[in-house]
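quick one: sequence plus predicted model below, questions after.
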2 protein chains.
Amino acid sequence: MPRSRHSDALRAAQMYYLQDLTMDAIARELRTSRSTVSRLLSSARDTGLVQVQIRSPLDSAPELERMIREQHNVDVHVVPVLDTLNEAETLDRVAMQAARTIGPLVDSNAIIGIAWGATISAVSRHLTRKITHDSIVVQLNGAGNMQTTGITYASDIMRRFGIAYGARVEQFPVPAFFDHASTKTAMWKERSVRRVLDLQDRMSIAIFGVGSVDSSYPSHVYAGGYLDENDLKLLAGSDVVGDVATVFFRADGSSDGITLNERSTGPSHEQLRQVRRRICVVSGASKIDGLRGALAARLATDLIVDEATARRLVGFGDSA
Amino acid sequence: MPRSRHSDALRAAQMYYLQDLTMDAIARELRTSRSTVSRLLSSARDTGLVQVQIRSPLDSAPELERMIREQHNVDVHVVPVLDTLNEAETLDRVAMQAARTIGPLVDSNAIIGIAWGATISAVSRHLTRKITHDSIVVQLNGAGNMQTTGITYASDIMRRFGIAYGARVEQFPVPAFFDHASTKTAMWKERSVRRVLDLQDRMSIAIFGVGSVDSSYPSHVYAGGYLDENDLKLLAGSDVVGDVATVFFRADGSSDGITLNERSTGPSHEQLRQVRRRICVVSGASKIDGLRGALAARLATDLIVDEATARRLVGFGDSA
DNA sequence: TTCCGTTCTGCACGTTTGTGCAAATAGCTT
DNA sequence: AAGCTATTTGCACAAACGTGCAGAACGGAA
């Protein structure tokens, strides 16, 4: 970047955030206008030059967070939102806070696995930039369905992550579900596919939402033409409560004997649990059953969740 | 710490910094006035709940920083200041930025060694709080002189560090220099003194300025009645250019044969070099000779310095 | 309970900051 | 060099913010 532009942004940021000067004073030192300084600072913020972090000392964390942390053994971030907000607004705010919470966790040489979905799509729209080296963003599960190849939707998400972290993007150009398990077996031996699977094996961070069967704001998976009537009947008959990356589970976290999973392209739960950092983003109380299942399956090490859902999770529906 | 006050500050901080809401919107959600939110946020900032960090990606660091980093093998933070500012203003801004730069380096269980002096005193006035557990702040060198015990001056500095990091404070109630080296030898065997020396041995962070002999803004050491005429003559006759924690060195970093050091209560350079993180704060171009010596002696791992002095250090006195 | 000292709150005002817009500048192409 | 487009700049205005002050709420002590 224009050498002087970037270094001015750095100087301005230091003076503003570290020395408490006003933009006016900075403008004079930099011999430019105050508005330019305002813009320099905002560019410093969203190129990740300035990093704002909120560190709630664990021992003074609110009751709610402590309870979830202990009951489910996850690092939890409760996003404060009025429970009167509608689902879309809540999602937006959860997504924004999630994006900023994820930022500091991403490092150079990371391999970041991303599951597509409404929640993660929202997150991808709020990422702040952070320059890393040799990071890779890898898609966790196929996005094709009967109508489309799903490329644009999923790849937009992937691309945004790639841009934000300066990372290479590896798409996964397969359908979400194969029609026949045998096709999957065959494809999984193809070298082009293996390359992606190998990356998934080595990923250091996974980021995903959860699908919930009874969600009133239904996940793409259940509504978007990924499954046919037969599949849906199958699901209904097997106590499935939700999915992570199109791999289904029951309320107790188990997933053995769910035949649909054999045709799914997402990573098995066992494989997912190998990942050091597994970040689950959940917004909306209707996902509560799916979330419970995912936690029971120990799929997440970190949970970012709106306050109302967090309350439901520990049992009390209203005030603190 | 009224439970609700602190947790409101946390919520407000999350909404403001992580969700980009305005204070007005936050006030409505919290059912309070906007001004209260403003105050909540500022308390969140200076209790360390909100941490602002500036991370200049090393490879895009300005020329100046890179040169110093390579020439002297230190992690350097150049504080941007107009070179037209007077010494006092420069000191203030360097001190503020130093305080905020040090913050993130302090962790729980740290043993922090502090040298008193005009520079560190200024730093101590700008520390932002950060809650740690079981940290200890230990004084590196005595502050007594012929007129006073030096207790109040040095202990104010120490106390401020202690408060900022919630750390226990260990003073060092000895003079800056003994009149007789033999007294030092004797005292160094006393258990009350040993306790402090043992802490110094185990310190994980040391924070100090440098004294420079020719400083036009003379260090306390050279002006404050710590040394008598004889001592000063001794110094003049031995090529001394400066000191760190009242231990002197020459331009090449050597300190052998400087007899005054045998009576000084500060840690030997050898001992200081054992410390993992050694942060040197320097403000004012008149300290350049002292700084050069300190760097030659490899006393610092981190250097925080004003821009004008940094320029002099690498040789070009003016513009970039 | 009343009293008094302390802390907290909201208001009002002045200051600081974000941003649409038009002019200026920089970067390319011909 | 001229011409064209894409950025960048400063201005002016509106929005957002910090803070002194006076009154309210709180927390003991008598």
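Here it is on my side, so go on.

I'd guessed A:V169 sits against A:S135; true?
No - using CB atoms under 8 Å, A:V169 is not in contact with A:S135; the gap is 10.1 Å. In this view, the C-beta of every residue, glycine as well, is placed from N, C-alpha and C.

of these two, who's got more company?
Neighbours per residue (other CB atoms under 10 Å in any protein chain shown) separate A:V169 from A:S135, with A:S135 holding more: 22 against 18.

which ones are touching the more buried one?
Contacts for A:S135 (CB atoms under 8 Å, 6 or more residues apart in numbering or on different chains) come out as A:V106, A:D107, A:S108, A:N109, A:A110, A:I111, A:I112, A:Y165, A:G166, A:A167, A:R168.

possible to save those residues as CSV with distance to A:S7, secondary structure and pLDDT?
Output for the contacts of A:S135, formatted as CSV (distance: CB to CB, whole Å; DSSP: H, G, I helix; E, B strand; the rest coil; pLDDT from 0 to 100):
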residue, distance to A:S7, secondary structure, pLDDT
A:V106, 24, coil, 90
A:D107, 24, coil, 86
A:S108, 22, coil, 87
A:N109, 26, coil, 88
A:A110, 27, coil, 92
A:I111, 32, strand, 95
A:I112, 29, strand, 96
A:Y165, 22, helix, 91
A:G166, 19, coil, 88
A:A167, 25, coil, 92
A:R168, 27, strand, 92
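
so which of the residues you listed comes closest to B:E65?
A:S108 (19.6 Å; CB to CB).

verify the stated contact: A:A308 with A:V81.
Yes - using CB under 8 Å, A:A308 is in contact with A:V81, at 7.0 Å.

any common contacting residues for the two?
Joint contacts of A:A308 and A:V81 (CB under 8 Å, 6+ apart) are A:T90.

any of the contacts of A:S135 buried? List them.
Taking 16 or more other CB atoms under 10 Å in any protein chain shown as the criterion, what is buried in those is A:V106, A:A110, A:I111, A:I112, A:Y165, A:G166, A:A167.

might one say that the fourth one is in contact with A:F208?
No - the pair A:I112 and A:F208 does not pass the contact test of CB under 8 Å, sitting 11.2 Å apart.

around DNA strand C, pick out the residues from chain A.
A:P2, A:Y16, A:T22, A:M23, A:D24, A:R34, A:S35, A:S38, A:R39, A:L41, A:S42 (CB under 7 Å from any atom of the strand).

ok and the residue in the stretch 151-300 of chain A nearest DNA strand D?
A:I163 (15.4 Å; CB to the nearest atom of the strand).

contact partners for that residue?
Counting by CB under 8 Å, 6+ apart, A:I163 has contacts A:R129.

how close does it get to A:T128?
According to CB to CB, to the nearest Å, A:I163 stands 11 Å off from A:T128.

how does chain A divide into domains?
Chain A breaks down by automatic domain parsing into domains covering A:3-46, A:61-319.

show me where chain A dips below the pLDDT cut-off.
A:1-4, A:58-60, A:145-152, A:215-225, A:227-229, A:316-320 (pLDDT under 70).

can I get the contacts of A:S135 in TSV with distance to DNA strand D?
Rendered in TSV, the data for the contacts of A:S135 read as follows (distance: CB to the nearest atom of the strand, whole Å):
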residue	distance to DNA strand D
A:V106	26
A:D107	29
A:S108	26
A:N109	30
A:A110	29
A:I111	32
A:I112	28
A:Y165	22
A:G166	19
A:A167	23
A:R168	24
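
I am finished for the moment; much appreciated.
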